[in-house]
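Trainee: 3D, please:
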Amino acid sequence: MVLTLFGQEPDYIIKTWTNTSDWILSTKISPPSIEADEHYLCTVGASGHRSIVKPLRMGVRHGHRIVVNRQLLIANAFEQLLEEKMPRSHRFIRNNYDKYGYPIARHIKNAWQADVIYIFMKPAEWLLLLILYLVDVKPENRIALQYITKPDKKTA
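Mentor: Numbering: from 1, shown residues only. Below is the predicted model of the structure:
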């Protein structure tokens, strides 16, 4: 309600779509696809036990479906903001994260390991969220729009 009062609520249609999975108007998360994008710690963390990592919906990354939770949305929204405002810093951070984050993430194979990563990443999530709220005009809109497929320009 507080977010609505201050204009941070995404459009109703977008929220309706993002709060559902591939099952129309469902509150259930569909089963993850066979392919798994295990390159990034937050993505791997989202594959932990549902009661801990709290998946929200399915999203699309690099053409395949992934489980999305709030932590992953915040991390991706922050990265998008960083890329817009400070492209050089973004490239430096992205290169280092790719160099060190991927070797760690590819060894996480069990839900309990993903739970540990999720909990370990919580302070970073809070810091990124604070920065988003301090810098972005409508941070919740930016967060809600992460991992949504964009319409094909040929058909739009």
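Trainee: what bits of the protein have low per-residue confidence?
Mentor: 1-40, 150-156 (pLDDT under 70).
Trainee: mind listing the helices for this structure?
Mentor: All helices of the chain, identified by DSSP state H, fall at 2-5, 12-18, 41-45, 50-53, 70-85, 87-105, 111-120, 122-135, 139-144.
Trainee: Among the ones you listed, which comes closest to H64?
Mentor: The closest of those to H64 is helix 41-45. By Cβ to Cβ, the value is 11.4 Å. From N, CA and C alone the C-beta is placed, and that goes for glycine too.
Trainee: quick one: contacts of that closest one?
Mentor: 37-38, 53, 61, 66, 69, 71-72, 75-76, 101, 104-105, 108, 114-115, 117-118, 121 (Cβ atoms under 8 Å, 6 or more residues apart in numbering).
Trainee: try stretch 75-91
Mentor: The contact list for stretch 75-91 (Cβ under 8 Å, 6+ apart) reads 40, 42, 93-94, 121, 124-125, 128-129, 131-132, 135-136, 139, 142-143, 146-147.
Trainee: what about R70, neighbour count?
Mentor: R70: 15 surrounding residues under other Cβ atoms under 10 Å.
Trainee: go on, I117?
Mentor: Burial measure for I117: 21 neighbouring residues, criterion other Cβ under 10 Å.
Trainee: swap in A114?
Mentor: Per other Cβ under 10 Å, the neighbour tally for A114 reads 23.
Trainee: That one contacts I108, doesn't it?
Mentor: Yes: under the criterion of Cβ atoms under 8 Å, A114 makes contact with I108 at 5.8 Å.
Trainee: picking up where we left off before, pick the most buried one from the helices of the chain.
Mentor: Stretch with highest mean neighbour count among these: helix 41-45 (a mean of 26; mean count of other Cβ atoms under 10 Å).
Trainee: May I have it as CSV, with CA atoms only?
Mentor: C-alpha atoms of helix 41-45 as CSV (Å, rounded to 0.1, in the frame of the first residue of the first chain):
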residue,chain,number,x,y,z
LEU,A,41,25.0,-16.9,-8.0
CYS,A,42,21.5,-15.4,-7.6
THR,A,43,20.2,-17.6,-10.4
VAL,A,44,21.6,-20.7,-8.6
GLY,A,45,20.3,-19.4,-5.3
